[in-house]
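> Model the following, please.
(chains A and B)
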There are 2 protein chains.
Amino acid sequence: MIQLSRAEIEQLVTVDDEAVAAVRDAYIAIVDGRGNVPPVGHIAFPATNGDCHIKYGHIAGDPIFAVKIAAGFYDNPAKGLPSSTGIILAISAETGEVRAILNDEGYLTDLRTGIGGAVATLALARADARSVLVIGTGIQARYQSRALAALAGRPLSFRMWGRSLEKTEAIAAELKRDGLDVSVASDLEAACREAHIIITTTPSTEPLVQSEWVQPGAHITAMGADGPGKQELETALVARANVRVADMKTQSLGHGEFSHACAAGLIGSGDCIELGSVLAGTLQGRRSNEDITIADLTGVATQDIAMARTVLERATTKQDGRS
Amino acid sequence: MIQLSRAEIEQLVTVDDEAVAAVRDAYIAIVDGRGNVPPVGHIAFPATNGDCHIKYGHIAGDPIFAVKIAAGFYDNPAKGLPSSTGIILAISAETGEVRAILNDEGYLTDLRTGIGGAVATLALARADARSVLVIGTGIQARYQSRALAALAGRPLSFRMWGRSLEKTEAIAAELKRDGLDVSVASDLEAACREAHIIITTTPSTEPLVQSEWVQPGAHITAMGADGPGKQELETALVARANVRVADMKTQSLGHGEFSHACAAGLIGSGDCIELGSVLAGTLQGRRSNEDITIADLTGVATQDIAMARTVLERATTKQDGRS
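Model (predicted):
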């Protein structure tokens, strides 16, 4: 059995070609019948302001399946601890043996979420989109920006907006050090009106982006709404979009960004397609330069499997002395 | 983070007073509102004849919660591997940190199931019951016999019955070496007619024990039926019993031994009580020496939490050099 710490996993996998291919394949597995993704397990700890999600599943043909246990305890920062914790078990789908314990502390989730957002953005934005507005100043604001810059294959200019100017300046400085072209947006409406691409990464429970602020041809990747009550986009904007793309329709319409427009009766299951179909080329995403496209990504266990498999393959290769 | 192998865990916990107290408390937690037990997660691997169950939950007030991943791959024995594998994670219910990885390979499940069966048997059998018939020759036949012999506080005579005489003789010899009073039963009907206590431990999908073979006053602990389709007792026997006790009613009536009588409309939710209530003294189990009592145990996550907590406490105490 292989055991890896976060530091070791960070050395093994980053925004690289194989990881990107694995994440793309993980989206396609959701639509082509290979993905076996049972409902996410959940347990709440009201007395200690925490909760825990268990995501697990299998991609047919994969030698392993993965079980990811991710907890959030929201009083942790006051104790000097990160609020999120995570561990992934990679288990043989042939014998049930535990092959690896990946004590990644949420790194692989952050990474696959960043790569997934970039893959969705590049699949749906106009080919000439240059200006990117990133809303939020947390971990995903960083991962989304870095992954998109790395995968775009063309120069992009990033603007960052957050409710705290201090935090916004800090993330802008950090990403600048990474070599990104970054500036701080002081006015959210003005920044939205200018952006070709908008990426939302907040835990907001009230819409931040209004429909009238979004220009025709823009693409939005909404990452924040991953549970009931969360919302980053005005419901009218979701209803107005020409193309709505979910990682997994049941999740996006059930508890993601699209759920509010769905609950309001403005869109139904037929008004939304899945990212895997766009990536596989079986359904068209953007159809014109004037289309407003929205990707709503809630996170699916196939992505965790893909990352666990990638880490495990590399760790094994390293052990065998073949690299 | 503590990591323990099966061998280390076997050294830390066995059929001992604290483990028994923890298992008893775990049954009581199901009925007194402390137990938070979400539905069991399940994923099937039809291509490789395997499946995986994820049991998790929390007992209010406990410093840890547990996630148990148990897989069964039924072609493993042909590869020289055990068909069952298991691992338990003990996670802080205060911060979400993984406190311990218990690579117990199913030992703690076998142990808590053995202790749980003995606790149920002793709570429900007549105080003067002496003759015990154990049906089955697998791991639980061993754990049930050993735990019951250890906890009975009086001499018991065990008879073993299995479909394979060879395996039955092997288990009888093994338990005899452990100091138990054991003999082999050659005829199931005759053995049932003589038994004060019957313990069924098989994965049978057809009833083995007929109603007319069971004498008034007898107690039956049915351990085998833990999923749809499994059945060890004739439905008429379950219907005839004076007292039916489940570890968790929803599980027993849904997919346990009691499910067949329930599906046939012979019993309902009101015809069954929970073991925790009997152990806590809030409901009466056996009411007369003529009662036939049946305990149907399907396994509940609170037991896994109890074992994980016991192991963790002992491992920590050991590390601290306090024992």
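> Contacts only, for the residue nearest the centre of chain A.
Centrality entry for chain A: nearest residue to the mean C-alpha point is A:Thr113, 3.0 Å, by Cα atoms, centre = their mean. For A:Thr113, the contact set (Cβ atoms under 8 Å, 6 or more residues apart in numbering or on different chains) comprises A:140, A:143-144, A:223, A:297, A:299, A:303. C-betas here are computed from N, CA, C, even on glycine.
> redo that, cut-off 6 Å
Residues near A:Thr113 by Cβ atoms under 6 Å, 6 or more residues apart in numbering or on different chains: none.
> Check which helix or strand it maps to.
In this structure, A:Thr113 is located in helix A:107-124 according to DSSP states H and E.
> I'd like the average pLDDT over that helix.
Mean pLDDT, helix A:107-124: 97.
> got it, and stretch A:156-169?
97.
> Could you list the buried residues of it?
A:156, A:158-162, A:168 (16 or more other Cβ atoms under 10 Å in any protein chain shown).
> just stretch A:111-128 next, same as before
For stretch A:111-128, a neighbour-count test (16+ other Cβ under 10 Å) marks A:111-126 as buried.
> on that earlier part again, ok, which pair from the buried residues of stretch A:156-169 is furthest apart?
A:Leu156 and A:Gly162 (18.8 Å; Cβ to Cβ).
> Leaving aside the residues adjacent along the chain, what's closest to whichever residue of the stretch 101-250 of chain A sits closest to chain B?
With Cβ to the nearest Cβ as the measure, the residue in the stretch 101-250 of chain A that lies nearest chain B is A:Ile101; the distance is 6.3 Å. In this structure, A:Ile101 finds its nearest non-sequential neighbour in A:Gln3, 4.8 Å apart by Cβ to Cβ, 6 or more residues apart in numbering or on different chains.
> Am I right that that neighbour sits in a helix?
No: assignment of A:Gln3 by DSSP: H, G, I helix; E, B strand; the rest coil gives strand, placing it outside any helix.
> Do I have it right that it meets A:Arg99?
No: using Cβ atoms under 6 Å, A:Gln3 is not in contact with A:Arg99; the gap is 10.5 Å.
> and the closest residue in space to A:Gly138 that isn't next to it in sequence, what is it in contact with?
In space, not counting the residues next to it along the chain, A:Gly138 is nearest to A:Thr201; the distance is 6.3 Å by Cβ to Cβ, 6+ apart. Contacts were defined as Cβ under 6 Å, 6+ apart; by that measure A:Thr201 touches A:136, A:140-141, A:144, A:223-224.
> Where does the stretch 151-300 of chain A get nearest to chain B, which residue?
A:Val300 (14.2 Å).
> so what's that residue up against?
Neighbouring residues of A:Val300 by Cβ under 6 Å, 6+ apart: A:30, A:247-248.
> Tell me how far it lies from A:Ala315.
Spatial separation of A:Val300 from A:Ala315 under the definition Cβ to Cβ, to the nearest Å is 23 Å.
> same deal with A:Ala123?
Between A:Ala123 and A:Ala315 the distance, using Cβ to Cβ, works out to 30 Å.
> repeat for A:Glu10
When distances are taken as Cβ to Cβ, A:Glu10 and A:Ala315 turn out to be 13 Å apart.
> ditto for A:Glu18
When distance is defined by Cβ to Cβ, A:Glu18 is 13 Å away from A:Ala315.
> Who has more neighbours out of those two?
Residue environment comparison for A:Glu18 versus A:Ala315 gives the larger neighbour count to A:Ala315, 22 against 13, counting by other Cβ atoms under 10 Å in any protein chain shown.
> Who does the closest residue to that one other than its chain neighbours form a beta bridge with?
Once flanking residues are discounted, A:Ala315 sits nearest to A:Ile2: 5.2 Å by Cβ to Cβ, 6+ apart. For A:Ile2, the residues forming beta bridges with it (DSSP bridges) are A:Ala100.
> Near A:Ile2, how many other residues are there?
When neighbours are counted by other Cβ under 10 Å, A:Ile2 registers 16.
> Also A:Ile54?
Considering only other Cβ under 10 Å, A:Ile54 is surrounded by 22 other residues.
> go on, A:Thr316?
The local packing of A:Thr316 (other Cβ under 10 Å) involves 13 other residues.
> Compute the inter-axis angle for the helix or strand it falls within and helix A:107-124.
A:Thr316 is located in helix A:301-319, with elements delineated by DSSP H and E. Counting by axes from the mean of the first three to the mean of the last three Cα atoms, to 10 degrees, helix A:301-319 points 120 degrees away from the direction of helix A:107-124.
> Which positions in helix A:301-319 come out as buried?
For helix A:301-319, the neighbour count (16+ other Cβ under 10 Å) marks A:301-315 as buried.
> got it, and stretch A:186-200?
A:188, A:191-192, A:195-200.
> and what of stretch A:75-92?
Counting neighbours by 16+ other Cβ under 10 Å, one finds that the buried residues in stretch A:75-92 are A:76, A:81-92.
> how close does A:Leu89 sit to A:Val23?
Distance of A:Leu89 to A:Val23, given as Cβ to Cβ: 19 Å.
> got it, and A:Asp320?
If you measure A:Asp320 against A:Val23 using Cβ to Cβ, the figure is 25 Å.
> How about A:Ala60?
Taking Cβ to Cβ, one finds A:Ala60 at 18 Å from A:Val23.
> Have a look at these two and say which one is more surrounded.
Here A:Ala60 and A:Val23 are compared on neighbour count by other Cβ under 10 Å; more neighbours surround A:Val23, at 27 against 14.
> Secondary structure of the more buried one: a strand, I assume?
No: secondary structure of A:Val23 (three-state DSSP): helix, not part of a strand.
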